[in-house]
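Asks: coords please:
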Amino acid sequence: MQIKRLAIGCVVAMVASSLLASPSAAKNPSVAPSVINGQSGHPWNGASVYLEIDTAGNGSACTGGLWKPQVIVTAAHCMETVSSPIVATSDVTVWPPGANIEAAGPADVQVTSIVADWNNNENGTVRDIAFLTLSAPIGSTPISRLASEREVADLIRSKATLTYIGYGSTVPRNDPIQSFTPIPLWLTQPLTDEFAYDNIESGSFTMLGDGITSTCAGDSGGPLLYEASGEVLLVGPLSGGTGLPCEAEDVTAYDNATTAAAFLNLANQALATVNLPPEALPTPRLALSKPDREYGTKVVKSNINEQGLMTASIRTRLKKGSPIWVEVLTCDDEDCDDWTTISEKKFRVKKKGRVSFTTSVAADQFVYVWDKKNRALVSWLTATD
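Replies: Numbers count the residues shown, from 1 in each chain. All right, here's what the predicted structure looks like:
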């Protein structure tokens, strides 16, 4: 996977010349950052926060997501320097959420703590997240909650479209003109399932760019959002990307980001600092394995709900009226030579060999469908994801 990740590893060192000229840049419209070909005026603008980091006179800028009125989520590489793992809290200046940084000054708060995890591996997996706590609330946020790891996995598999809002460069990184805007801009990007397994396992996600609109220098740490059932979910902070129009290399445009809910240990440290209750771990969800089919049996549909009620419809080669049995069992040894029956129900085959049934199951149980010759027509294993 070829991921630029906003040149992670050197972004802080190079930031004084390529991201932001100095910590006072927010007062100078010639160096305020934003998204390339993004749009203004998103109703979720209040989720985006402009950050400046000044370490020994070297200025840099990033974006953050206002998760709670006193907690910001951003990229860890924004909070690290060459000489120190994490910058001093006094080195970070925060603007009000969604602010026009040309017209407004910094928020009247101090950063009180920074907890971060940053690891960029050669195999493409990345952990790049930091939680900042503030001395006082800086305003309300449209973010309802963190998207759970399970929800993020579902979004990846469905190639859902996320919304990004941030303060980054409006022109390619190497453009000598360096045109900027002082307000947060937004764009949308679809998730890709090309790296789904690695993403889900490592707590990250990848978006596919179109080569026309993109995040760029200064957008690191900005919030990637998704709306579900009226809630605005913070999926995670942007880490970096590759391809046009930000970078000159003519390669597939990707953006890479970190799943915020995969780092609840850090999130809960931040919440405790500002006397907020911890985020609870989500309830494990039951899932069915791929069916193991025999004797020409076809599975028309099968699913299981959160209460453990399984419903399925299969098509067999049996005649109408033939009996079948649906057995739920658990194995008593590793090879399942011995087992314990939890439940067993009898059903009759309908027209064209169809059978529909429901049964209650729990995690790590098998569901078998048997015919009168004691042949297993199809089976599933239940598990949690």
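Asks: quick one: average pLDDT of the helix or strand containing residue 118?
Replies: Element membership for residue 118 (DSSP states H and E) is strand 111-120. For strand 111-120, the mean pLDDT works out to 89.
Asks: buried residues in that strand?
Replies: By 16 or more other Cβ atoms under 10 Å, the buried positions in strand 111-120 come out as 111, 113, 114, 115, 116, 117, 118, 120. (Glycine included, C-beta is placed from N, CA and C.)
Asks: Please work out which residues outside that strand touch it.
Replies: Strand 111-120 has contacts (Cβ atoms under 8 Å, 6 or more residues apart in numbering) with 5, 8-9, 75-77, 79-80, 86-87, 89-90, 92, 94, 126-135, 263, 266, 269-270, 273-274.
Asks: After it, which helix or strand is next?
Replies: Using DSSP H and E, the helix or strand that follows strand 111-120 in sequence is strand 126-134.
Asks: Moving C-terminal from that next one, which element do we reach first?
Replies: Where DSSP H and E defines the elements, the next helix or strand beyond strand 126-134 is strand 145-146.
Asks: Now that next one: average pLDDT?
Replies: For strand 145-146, mean pLDDT rounds to 96.
Asks: which helices and strands sit right next to the next helix or strand after it?
Replies: Note on strand 145-146: by DSSP H and E, the next helix or strand toward the C-terminus is helix 149-157. Packed against helix 149-157, as judged by 3 or more Cβ pairs under 8 Å, 6 or more residues apart in numbering; DSSP states H and E, are the following elements: helix 196-202, strand 204-208, strand 231-242.
Asks: CSV for the ones you listed, including mean pLDDT, distance to residue 37 and mean neighbour count?
Replies: Output for the helices and strands packed on helix 149-157, formatted as CSV (pLDDT from 0 to 100; distance: least, Cβ to Cβ, whole Å; neighbours: other Cβ atoms under 10 Å):
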stretch, mean pLDDT, distance to residue 37, mean neighbour count
helix 196-202, 84, 26, 17
strand 204-208, 93, 15, 24
strand 231-242, 93, 14, 25
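Asks: what about these, which gets the closest to residue 330?
Replies: When these are compared by Cβ to Cβ, helix 196-202 sits nearest residue 330, at 27.5 Å.
Asks: distance of residue 158 from residue 259?
Replies: Separation of residue 158 from residue 259 (Cβ to Cβ, to the nearest Å): 15 Å.
Asks: Same check on residue 161?
Replies: For residue 161, the distance to residue 259 - Cβ to Cβ - is 17 Å.
Asks: cool, and residue 372?
Replies: Per Cβ to Cβ, residue 372 is found 49 Å from residue 259.
Asks: following the helix or strand of the chain with the lowest mean pLDDT, which helix or strand shows up next?
Replies: Using mean pLDDT, DSSP states H and E, the weakest-scoring helix or strand in the chain turns out to be helix 11-18, at a mean of 29. Note on helix 11-18: by DSSP H and E, the next helix or strand toward the C-terminus is strand 48-55.
Asks: quick one: strands adjacent to that following strand?
Replies: strand 58-68 (antiparallel), strand 92-94 (antiparallel) (DSSP bridges).
Asks: and that strand with strand 126-134, angle?
Replies: Strand 48-55 and strand 126-134 are oriented at 90 degrees to each other (axes from the mean of the first three to the mean of the last three Cα atoms, to 10 degrees).
Asks: Next, the angle from strand 48-55 to strand 111-120.
Replies: Using the same axes, to 10 degrees, strand 48-55 lies at 90 degrees relative to strand 111-120.
Asks: per-domain residue ranges of this protein.
Replies: Here the chain is described, according to automatic domain parsing, as comprising the domains 5-273, 286-384.
Asks: what about dumping the CA coordinates of the helix or strand harbouring residue 162 to CSV?
Replies: Per DSSP H and E, residue 162 falls inside strand 161-166. These are the backbone C-alpha positions of strand 161-166, laid out as CSV (Å, rounded to 0.1, in the frame of the first residue of the first chain):
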residue,chain,number,x,y,z
THR,A,161,-18.7,8.1,2.2
LEU,A,162,-17.2,10.2,5.0
THR,A,163,-17.1,14.0,5.4
TYR,A,164,-13.8,15.8,6.2
ILE,A,165,-13.7,19.3,7.6
GLY,A,166,-10.3,21.0,8.1
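Asks: List of residues touching it?
Replies: Defining contact as Cβ under 8 Å, 6+ apart, one finds that strand 161-166 is touched by 34-35, 42, 44-45, 47-48, 63, 155, 184-191, 207, 215, 218-219, 221-226, 235, 238, 255.
Asks: hmm, back to that, strand partners of the strand holding residue 118, parallel vs antiparallel please.
Replies: strand 126-134 (antiparallel).
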